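1. 3D model of this:
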Amino acid sequence: FWPGQDAIGRTVAVQKPDGRPVDELPGYSRATVVGVVSDVISGMPIEGKDDGHVYFPTRAGNAHAAAVLMRARSERELGPSAMQDIFRRVSNDPQKFEALPLDEVRQVLIYPLKLASWVGFVLGGMAVALSISGLYGVLAYTVAHRTREIGIRMALGATGAAVVRLVMRQSARLAGTGIVVGLTLVFVALKALSAVIQLREISLLDLAAFGGGVAVVA
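-> From the prediction side, this is the model:
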C-alpha cells in the first residue's frame, strides 16, 4: 500500500463488501497499522501466499473468532490431548472445541490435489504403455513383412548388425515423429489451459514429467 515508506502508524479504511467476495467486518471502519508480518497462506496451498492478508484485533465473543492457531515451545507441549483437557475446563460440550494439528489440516486441503495427481499418473502411465506397445506392434508387423528383403540384404553381404541398425533407424523415426507431434499438441493444449486456470504455485508445463515420458518412449 505504501511502497518505499514505513507502514507503521498509517491508517487503513475498511470498506463494505458491496457485492465483492470479502467478509463484512462491523466495527472496523478504520484501522491503524501497528505491525507488519510476513505473507502467509490463508487459503488453498496451490493459491500461494496471500500478500493482502490483514490482521485485526478481536475478543473471545467476536463472531469471527472461530479458531486459534497455537505453536508450543516444544513438540511435547500442548499436544491434542493436552488441548482437549484445557477445552474441557472451558466447556463441558466435547463438540464445541477440537484440537487439530496444522499438518493434518494441510493434508486435508491438498488431498484433492493428490488424488487428481494419482489419477493423472495412472492415466499417463497407461498412455505411455499403450504408446510403447503400439510402437512395438507396428515395428514387429513391418519387420515381419520385410523378412524377404532382409534375407536378400544378408545374402548380398549385409551383416546382422547392419540389419539391426536398419530396424533401429526405422523405429527411431517413428518414435521421433510421434514425440514431436505429441509434445507440440500437448504444449499447445496446456498453454491454452494455463490461460484459463491460474495456479501461482503450480506450473502445468512440467518439463521433468515431459522429459521422463520422452525418455521412456525413446
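2. Mind giving me the packing neighbours of the helix or strand containing residue 190?
-> Applying DSSP states H and E as the criterion places residue 190 in helix 160-196. If contacts are counted by 3 or more C-beta pairs under 8 Å, 6 or more residues apart in numbering; DSSP states H and E, helix 160-196 sits against helix 102-145, helix 147-155, helix 207-217. Where C-beta positions appear, they are placed from N, C-alpha and C, glycine not excepted.
3. between the shortest one and helix 102-145, how big is the angle?
-> Angle of helix 147-155 versus helix 102-145, following axes from the mean of the first three to the mean of the last three C-alpha atoms, to 10 degrees, is 70 degrees.
4. just use 83 as the starting number from now, easier for me
-> Right, with 83 as the first residue, what we last looked at is helix 229-237.
5. what about helix 229-237, average pLDDT?
-> Helix 229-237 carries an average pLDDT of 88.
6. Run through who's touching that helix.
-> With contact meaning C-beta atoms under 8 Å, 6 or more residues apart in numbering, helix 229-237 is reached by 225, 240, 242, 244-245, 248.
7. could I get it in PDB with only the CA atoms?
-> C-alpha atoms of helix 229-237 as PDB (Å, rounded to 0.1, in the frame of the first residue of the first chain):
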ATOM      1  CA  THR A 229      11.700 -60.700 -43.900                       C
ATOM      2  CA  ARG A 230      12.300 -61.500 -47.600                       C
ATOM      3  CA  GLU A 231      14.000 -58.100 -48.100                       C
ATOM      4  CA  ILE A 232      16.200 -58.600 -45.000                       C
ATOM      5  CA  GLY A 233      17.100 -62.100 -46.300                       C
ATOM      6  CA  ILE A 234      18.100 -60.600 -49.700                       C
ATOM      7  CA  ARG A 235      20.200 -57.900 -48.000                       C
ATOM      8  CA  MET A 236      22.000 -60.500 -45.900                       C
ATOM      9  CA  ALA A 237      22.500 -62.700 -49.000                       C
END
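8. which parts of that helix are buried?
-> Within helix 229-237, the residues that qualify as buried by neighbour count (16 or more other C-beta atoms under 10 Å) are residue 232.
9. which secondary structure element contains residue 163?
-> helix 162-172.
10. among the helices and strands of the protein, which has the poorest mean pLDDT?
-> The helix or strand of the chain with the poorest confidence is helix 162-172; it has a mean of 78 (mean pLDDT, DSSP states H and E).
11. how near is the most centrally placed residue in the chain to residue 210?
-> Taking C-alpha atoms, centre = their mean, the centroid of the chain lies closest to residue 284, which sits 4.8 Å from it. Distance, residue 284 to residue 210, by C-beta to C-beta, to the nearest Å: 22 Å.
12. again with residue 194
-> Residue 194 is 25 Å from residue 210, by C-beta to C-beta.
13. So, low pLDDT: which residues of this protein?
-> Counting by pLDDT under 70, the chain contains low-confidence ranges at 176.
14. from the contacts of helix 229-237, which is closest to residue 138?
-> residue 225 (73.8 Å; C-beta to C-beta).
15. List the contacts of that closest one.
-> 232, 249.
16. quick one: it from residue 146, how far?
-> With C-beta to C-beta as the criterion, residue 225 and residue 146 are 72 Å apart.
17. Surely the residue nearest to the centre of the chain touches residue 128?
-> Yes: using C-beta atoms under 8 Å, residue 284 is in contact with residue 128, at 5.5 Å.
18. Flag every buried residue along stretch 175-186.
-> For stretch 175-186, the buried set under the neighbour-count rule, 16+ other C-beta under 10 Å, comprises residue 181.
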